[in-house]
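Colleague: Show me how the following folds:
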Amino acid sequence: MAQSLGEKIRKVREFRKISLEDLSKKTGYSKEFLGGLEDGSRMTTLGTLMVIAKGMGLRVGTFLDDNEKLGPAVMRKSERGSGVRFAARTESVHGDLSFLPLAHDQAGRHMEPFIIDIAASTAENYQLSQHEGEEFIYVLSGRVEICYGKDKFVLEEGDSIYYDSIVPHSVHSAGDSDSRILAVVYTA
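Modeller: Sure, this is the predicted structure:
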């Protein structure tokens, strides 16, 4: 992407004439936290980004898109850019999840399809996310653990899961190997 995620959040916020204080009130996140996201000193989760987008009255894809057009979105393998990195663990200073948007050119969409590369980690302090919508995950390679409410599911290559995103959840690699998933996030 031409600009960082934090820069895009700040530019969209300023364009919409929303102060950090107003965004803080709408999202429940502190001004310091939001400022850290904007200046790039903090990582975020997809759930947090969805709350910020909702607080600005936008869809989450606004922050991940380079541009929008009408008609179908076709993405050729050779046209894929680099992904956006998110944290999966509490207080993470580096990205555990790398999101590659697959429909960044599609205007007005309600689904967000991604290829997500998940870095292996044996850490236990995974940050739970919750937001409106639904998610579908299909494991392309590796093993993935999904914490969903009080349940845990380990998915192998070829397995899938579909769930309501309002229930606190996390997605991370199971074991000491990286994994790759196809994820589709639906937001009304």
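Colleague: show me the contacts for the residue nearest the centre of the chain.
Modeller: Nearest to the geometric centre of the chain sits residue 46, at 2.7 Å (Cα atoms, centre = their mean). Residue 46 makes contacts with 60, 86, 97, 99, 129, 131, 185, as judged by Cβ atoms under 8 Å, 6 or more residues apart in numbering. C-betas here are computed from N, CA, C, even on glycine.
Colleague: got a pLDDT number for it?
Modeller: Per-residue pLDDT puts residue 46 at 84.
Colleague: And it, how close does it get to residue 52?
Modeller: 11 Å (Cβ to Cβ, to the nearest Å).
Colleague: anything in contact with each of these two?
Modeller: Common neighbours of residue 46 and residue 52 (Cβ under 8 Å, 6+ apart) do not exist.
Colleague: just to revisit the earlier point, quickly note the distance from the residue nearest to the centre of the chain to residue 176.
Modeller: 24 Å.
Colleague: re earlier: tell me the phi and psi of the residue nearest to the centre of the chain?
Modeller: As for residue 46, its main-chain torsions (degrees, to the nearest 10) stand at phi -60, psi -40.
Colleague: circling back: from the contacts of residue 46, which shows the smallest pLDDT?
Modeller: Among the contacts of residue 46, residue 86 carries the lowest pLDDT, at 59.
Colleague: Which ones among the contacts of residue 46 lie within helices?
Modeller: Members of those lying in helices (criterion: DSSP state H): none.
Colleague: who wins for neighbours among those residues?
Modeller: With neighbours taken as other Cβ atoms under 10 Å, the top of these is residue 97, carrying 24 neighbours.
Colleague: Good, wrapping up.
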